[in-house]
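**Q** just coords:
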């Protein structure tokens, strides 16, 4: 069924009768709600979406002082905002693509339709420095309640891999969190790596984060051993792909779809993980709505399903010892 669209007359009425930042944020909230814009790609509510569209149009911080809300917009600024709002509603283009901007780990990242919009709960794990399994950059243990496994000999990660890096946001966030670590970031998509390079340079992390075009572990040297492997791979199953709202069709299918049960890439990853983890290494993988398939297919594996204080689910961790223990099972799952 076709979703409703906002008319030129409705937009013209707003242009002629509204004037302040507060007015246009309010109008945006009403329009997004009225025309059934789908959320979930970096923003959590209509107010956040509308505020981002208005404030970014005006080159203002998203957390700008409330005193400016009664400032008036110029006609050219009104036209620019309403044009973005029209595309957001009628073309269902996600706000982050309209603005070429998304926030992750509290930091801004360039995004366009070559990469997935950052929204992973993994940001919270990075904020907590993967405690209690890892020590932070000062060699201290942070407090965290996330169900990560215990580690008898915790240390600060020295070499980290972000697999399926996309925009590079996870790799760059880990470079901030562990400034002395070497961070490798891989992706099968050349287009995605071009965006990741933009972000590495913007954050001045191009000398700490090494980008590599690779289909999972295929081009990673066998001698590379990682204390920490993190991945937010494609994990949307066939049924969910068919039911995705229009907004998600602007994101690259390569970054979303992962076969009938959403685990095509995860199986391959787990089959080789033990070869690339240090003795006490850790792998963390996001599988989202395909959590059910992981539990069904690997019901004999003690997966550590993680908890998040800021919301989120569908992310598990395995120690290097577990990857070695279940290596044959993981290999068989790929061959099945």
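**A** In hand now; what should we look at? Predicted model only: the values in this text are computed from it and were never measured. Residues are numbered from 1 along each chain as shown.
**Q** do a quick rundown of the strands in the stretch 151-300 of the chain.
**A** According to DSSP state E, counting those that start in this stretch, the stretch 151-300 of the chain carries its strands in the segments 159-163, 182-187, 209-213, 226-231, 277-286.
**Q** by contact count, what packs against the second one?
**A** Okay, so that is strand 182-187. For strand 182-187, the packing partners by 3 or more C-beta pairs under 8 Å, 6 or more residues apart in numbering; DSSP states H and E come out as strand 159-163, helix 169-177, helix 190-202, strand 209-213. For the C-beta atoms, the positions are set from N, CA and C on the backbone; glycine is no exception.
**Q** can you put these in CSV and add mean neighbour count and distance to residue 70?
**A** Formatted as CSV, the helices and strands packed on strand 182-187 follow (neighbours: other C-beta atoms under 10 Å; distance: least, C-beta to C-beta, whole Å):
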stretch, mean neighbour count, distance to residue 70
strand 159-163, 26, 44
helix 169-177, 26, 35
helix 190-202, 19, 33
strand 209-213, 18, 43
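**Q** closest one to residue 283 among these?
**A** Nearest to residue 283 among those is strand 159-163 (8.9 Å), distances taken as C-beta to C-beta.
**Q** the closest one pairs with which strands, and in what direction?
**A** Here strand 159-163 is paired, per DSSP bridges, with strand 182-187 (parallel), strand 226-231 (parallel).
**Q** dump the ones you listed to TSV, plus mean pLDDT and mean neighbour count.
**A** TSV is the format used below for the strands paired with strand 159-163 (pLDDT from 0 to 100; neighbours: other C-beta atoms under 10 Å):
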stretch	mean pLDDT	mean neighbour count
strand 182-187	97	25
strand 226-231	98	26
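**Q** out of those strands, nearest to residue 54?
**A** strand 182-187 (33.1 Å).
**Q** distance to residue 89 for the strands paired with strand 159-163 - can I get that in TSV?
**A** Formatted as TSV, those follow (distance: least, C-beta to C-beta, whole Å):
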stretch	distance to residue 89
strand 182-187	31
strand 226-231	34
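**Q** tell me the domain ranges of this protein?
**A** Per automatic domain parsing, the domain ranges recorded for the chain read 8-99, 105-335.
**Q** could you dump those domains to a markdown table with distance to residue 2?
**A** As requested, the domains of the chain are exported to a markdown table (distance: least, C-beta to C-beta, whole Å):
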| stretch | distance to residue 2 |
| --- | --- |
| domain 8-99 | 11 |
| domain 105-335 | 10 |
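**Q** can you say which of those is packed in most?
**A** Highest mean neighbour count among these (mean count of other C-beta atoms under 10 Å): domain 105-335, with a mean of 19.
**Q** quick one: the helices in the stretch 1-150 of the chain?
**A** In the stretch 1-150 of the chain, the helices defined using DSSP state H, counting those that start in this stretch lie at 8-17, 21-34, 46-57, 75-86, 95-99, 122-127.
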